[in-house]
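Visitor: Got a predicted model here, sequence first, then my questions.
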Amino acid sequence: MKSLMQLWLKVLEELSTQIGTCTNEDRKTALVRFEHEGLSFLTITLANFGSDFQKSLDQGFVDRSLFQGFSWKAGLPKFLSGFLGRVFDSADGRLLDDPEIDAIFAVRQLTLMMAKVHVKCSKEREDMAIKGYVECEKEMKNRDSTFAETGYSSFKRAGVALFGNLLSSCDLRVHNEEWMPKHGPGSTAERIIGNDKFKQSEWTWRLERFFPSLVCLTPGWKYFESLNSVKLLEPGAERPVRVITVPKTLKTPRIIAIEPVCMQYTQQALLEMFLDELEKDDIFSQIMFFDDQTPNQRLARKGSIKGDLATLDLSEASDRVSNQHVRALLDRFPEFAGAVDACRSRKADVPGHGVIRLSKFASMGSALCFPMEAMVFTTIIFQAIAEELNRPLSRKLCKEFVGQVCVFGDDIIIPRRFVPAVVGRLEAFGFRVNSNKSFWTGRFRESCGRDYYDGHDVSIVKVRELLPARLAHVDEIISTVSLRNQLYQLGLWQTCQWIDKRLEGILRYYPIVESTSSVLGRESACFEPQAESIHPNYQIPLVRGWVVSAPLPVSTLDGEGALLKFLLKRGDKPLDKKHLQRAGRPHNVVLKCGRHPVY
C-alpha cells in the first residue's frame, strides 16, 4: 500500500511543476497523515476533500464547514493551498472570476484519484452497509402506504400519458409471446454457472402464467417429457435473491442481489423486448439511455458552459424504487405488468438478517432494475416540470425538452430552473438526491464519468487496483498498464516513467505498442512501436510481450440443452466452436508471453 502513496507523491510533484507552485508542505502533511491513517487517507480523507472542493466550485466560495480535519490559513485550507489559490481568493475564499482550469484538474486528480481503489472494506463497514440495506427496506414499507394514499392515481395517469404507446406495444408482445428468454454469463442465486443454466430444474407457478415452461425450457413440444424433472415452486417456496457485497470504495461496499436462474432468464426476455420498443419511440429514445453515456456527457458539458442544465445524482437509487411505483406505472397494461411481476423476486436472503420480503422493485442485479427505475425517474421529472409550468402532462410537453432532460440510471440531467420542483418531488417519492454529486449553481457539472468546468474537460484518471509487486498479480498488472496509458494521455509523463520502471522490473518484456494492440505495453506519442519480427503468413509486425488470457471454465452441454441453446441464439454470427464444452465467466485471468501484433 506504500506504493500507492509513492504514486500519489509523484503525481503531486509533477502537477506542482506544471502549475508552478511549491508543494513541500503538502508533501509533509500527506506523509504524516498517511503514517497515522494508512490507506484511508488516500481513499477516504482525500476523497472527502475532493468532494468539498467540488461543492465549493458549485456554490462559488469556500466556507469553514467544509474541509473538516484540515487546518486553515486565511480563507483557504493550508493543504494544497498552492493549487486552491489559483481557483479561490486566498483572503476570503471567493471563487476567482477566471479560475485556472489546470489547478481545478490538479486538485481533483490529487484528491479523487484513489477514491475507488478495489480494496475490501472492513467487516464493520460491510455490516453497516447491510444494515443500511435492511433499514432502507423498512423505510420503504412505511412510505408505500403514504404513496398509495397520495401519489398512486396521479402517477398512474402520468405513466399512461408518457409511456402509453411504448407500454401498449410491450403489452401486446407479451400477450402474443413475442419474446425470447436469454441466459447471461453471470452468477446466480443457486450458484449455477455456464451451460448448466440450460438444464434448469426449478420454475415457478407465477412464471408459468406468462412464460410457459414448455416454451422456455424445451426446444419444442416433442420434448415435453423432460419437464417431469422440473420442480414448479409455489410463491411461498420460491428461491430468494442472494444479497452480497462487492468492492466499491474503502468507505462502503456496493450491495447487489444475485437473482435465481429462472428469474434472470425471463428478465432478459423482457429487457430485450422493452429496449426494442424504446428504440422505436421518437421521444423517449432521446431521453432515456441504457448503453450510451455520451448524451449525458454532452449535456453536462453544455450545462457547465451556459449554466442552464443541472446534473443530479441519487443515493441508493435502485434500492429506493418501490414495487408500488412500478405497479402504478404499469397498472393499465396488465399483460406486461403481470410478466414484470412474475419475474420479480419477492424475497431476499440478507447476510445476518435471514430471508426478508422486499418492498423495493429490485436491487442491482435484476435485468429490469435499470429500465424500470429510468421510467419512474422520468415520470417524476416530467410531473414536476408540468406542474411548475402549469401545463397538462403530455408527450408534446416531453418533446419540447428533448436535449434538456436526460436519464441514465441515477445520473439525471434537467433544466436548472426546475431543480427545486424536481428535487422536491423526487424526495416526496422517497428518493434521496446526493448533494455532494449534484450540481446546478456554478459552472461545474458531473455526469456518467465525465466532469466539466465552464466547458473544459476536467475529468481525472482513477486508480482501480493496488500496484503489482510480482508477475502473479495479474489483475493489478492489467489495471496498472491501463492506468499508465491513461495518465500518459493526460500529459503526466514523469509519473508514467515512474510506473514504467516499476512494470519493467516485473514484466521484463514491456514494449511500446499502439492502443489497438493486445500486448500489455506502453503507448507513446514520441516513439513508434518497433517490430521484432514479421508474421510469416500475414506479414504483420510482431513484438514480444504479454497478453491477457481468460479461458472459459469447462462446462459441457449436449442433448436437449444444446439444441435449446442453439435455438436461443441471437443474430447471424455463429457460436464459438467450443461453446458446448466451455461457457460462463472465467474463474481467473492469466498472462501469456509470446510474439503478437504491434498494432
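Guide: In hand now; what should we look at?

Visitor: how's the protein carved up into domains?
Guide: 2-115, 123-286+315-394, 474-597 (automatic domain parsing).

Visitor: Quick check: phi and psi at residue 439.
Guide: Dihedral pair for residue 439: phi -140, psi 130, per degrees, to the nearest 10.

Visitor: Okay, it and residue 309: tell me how far apart.
Guide: Applying CB to CB, to the nearest Å, the value for residue 439 to residue 309 is 10 Å. Heads up, the C-betas are built off the backbone N, CA and C, glycines and all.

Visitor: Nearest approach to residue 429 belongs to which of the domains of the chain?
Guide: Among those, the nearest to residue 429 by CB to CB is domain 123-286+315-394 (5.9 Å).

Visitor: Could you name the specific helix or strand carrying residue 57?
Guide: Here residue 57 sits within helix 46-59, counting by DSSP states H and E.

Visitor: any idea of the mean pLDDT in that helix?
Guide: Averaging pLDDT along helix 46-59 gives 96.

Visitor: one step back: output the domains of the chain in TSV, with mean neighbour count appended to each entry.
Guide: As requested, the domains of the chain are arranged in TSV below (neighbours: other CB atoms under 10 Å):
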stretch	mean neighbour count
domain 2-115	18
domain 123-286+315-394	18
domain 474-597	15
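
Visitor: Nearest to residue 451, out of these?
Guide: Nearest to residue 451, of the domains of the chain and by CB to CB, is domain 2-115 at 7.0 Å.

Visitor: Just checking the distance from that closest one to the centre of its chain.
Guide: Relative to its chain's centre, domain 2-115 lies at 26 Å (CA atoms, centre = their mean, to the nearest Å).

Visitor: go on, stretch 421-440?
Guide: Put simply, stretch 421-440 sits 19 Å off its chain's centre (CA atoms, centre = their mean).

Visitor: Ok, stretch 560-567 next?
Guide: How far stretch 560-567 lies from its chain's middle: 32 Å, per CA atoms, centre = their mean.

Visitor: Average pLDDT for that stretch, rounded please.
Guide: Across stretch 560-567, pLDDT averages out at 95.

Visitor: neighbouring contacts of that stretch?
Guide: 195, 198-199, 217-219, 223, 226, 557, 575, 579-580 (CB atoms under 8 Å, 6 or more residues apart in numbering).

Visitor: if you set the cut-off to 6 Å instead, what comes out?
Guide: Residues lying outside stretch 560-567 but in contact with it, judged by CB atoms under 6 Å, 6 or more residues apart in numbering, are 198-199, 219, 223, 226, 580.

Visitor: Ok, stretch 69-82 next?
Guide: With contact meaning CB under 6 Å, 6+ apart, stretch 69-82 is reached by 21, 23, 26, 29, 67, 84, 88, 90-93, 107.

Visitor: re the thing from before, any idea which of the domains of the chain gets closest to residue 293?
Guide: Of all the domains of the chain, it is domain 123-286+315-394 that lies closest to residue 293, at 12.7 Å by CB to CB.

Visitor: partners of whatever helix or strand comes next after the helix holding residue 57, with directions?
Guide: Remark: after helix 46-59, the chain's next helix or strand is strand 72-73, criterion DSSP H and E. Next to strand 72-73 in the sheet, as set by DSSP bridges, lie strand 76-77 (antiparallel).

Visitor: Excluding sequence neighbours, find me the nearest residue to residue 180.
Guide: Computed as CB to CB, 6 or more residues apart in numbering, the closest residue to residue 180 that is not its neighbour in sequence is residue 269, at 5.9 Å.

Visitor: what secondary structure does that neighbour sit in?
Guide: helix (DSSP: H, G, I helix; E, B strand; the rest coil).

Visitor: And the pLDDT for it?
Guide: Residue 269 carries a pLDDT score of 97 in this model.

Visitor: which residues make contact with stretch 491-498 from outside it?
Guide: For stretch 491-498, the surrounding residues in contact (CB under 6 Å, 6+ apart) are 10-11, 14, 484, 487-488.

Visitor: In this structure, what helix or strand scores lowest on average pLDDT?
Guide: Ranked by mean pLDDT, DSSP states H and E, the weakest helix or strand in the chain is helix 123-150, scoring a mean of 86.

Visitor: from the chain's centre, how far out does that helix sit?
Guide: A distance of 21 Å separates the centroid of the chain from that of helix 123-150, by CA atoms, centre = their mean.

Visitor: Following the chain onward from that helix, which element is next?
Guide: Following helix 123-150 in sequence, per DSSP H and E, is helix 152-175.

Visitor: who does that next one touch, helix- and strand-wise?
Guide: With contacts taken as 3 or more CB pairs under 6 Å, 6 or more residues apart in numbering; DSSP states H and E, helix 152-175 sits against helix 261-280, helix 323-329, helix 334-342, helix 369-389.

Visitor: just so I know, which of those lies nearest residue 98?
Guide: Proximity to residue 98 (CB to CB) singles out helix 369-389 among these, at 34.0 Å.

Visitor: Any chance you could list what contacts the closest one?
Guide: 158-159, 162, 274, 288, 290, 318, 321, 325-326, 329, 361-362, 393, 397-398, 407, 409, 414, 418, 421-422, 425-426, 429.

Visitor: what's the answer for stretch 87-99, then?
Guide: By CB under 6 Å, 6+ apart, the list of residues contacting stretch 87-99 reads 60-62, 74-76, 103-104.

Visitor: What of stretch 180-200?
Guide: 216-217, 239, 241-242, 258, 260-261, 265-266, 268-269, 555, 557, 561, 564-565, 583-585.

Visitor: Narrow those residues to those in strands?
Guide: The strands, defined by DSSP state E, take in 241-242, 258 from these.

Visitor: could you dump those residues to a markdown table with distance to residue 249 and pLDDT?
Guide: Shown next, in a markdown table, are the ones in strands among the contacts of stretch 180-200 (distance: CB to CB, whole Å; pLDDT from 0 to 100):
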| residue | distance to residue 249 | pLDDT |
| --- | --- | --- |
| 241 | 23 | 97 |
| 242 | 22 | 97 |
| 258 | 21 | 96 |
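
Visitor: and those as JSON lines, adding distance to residue 589?
Guide: Output for those, formatted as JSON lines (distance: CB to CB, whole Å):
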{"residue": "241", "distance to residue 589": "27"}
{"residue": "242", "distance to residue 589": "24"}
{"residue": "258", "distance to residue 589": "21"}
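
Visitor: and which of the residues you listed is nearest to residue 356?
Guide: Comparing the ones in strands among the contacts of stretch 180-200 against residue 356 with CB to CB places residue 241 closest, at 10.5 Å.

Visitor: Roughly how far does the closest one sit from residue 547?
Guide: 37 Å.

Visitor: Same check on residue 131?
Guide: 44 Å.

Visitor: With residue 60 instead?
Guide: As judged by CB to CB, residue 60 and residue 547 stand 50 Å apart.

Visitor: re earlier: identify, from the contacts of stretch 491-498, the entry nearest to residue 474.
Guide: Taking the contacts of stretch 491-498 together and measuring to residue 474 by CB to CB, the closest member is residue 484, at 15.9 Å.

Visitor: out of everything not next to it in sequence, what's closest to residue 529?
Guide: Excluding its sequence neighbours, the residue lying closest to residue 529 (CB to CB, 6+ apart) is residue 598, at 4.2 Å.
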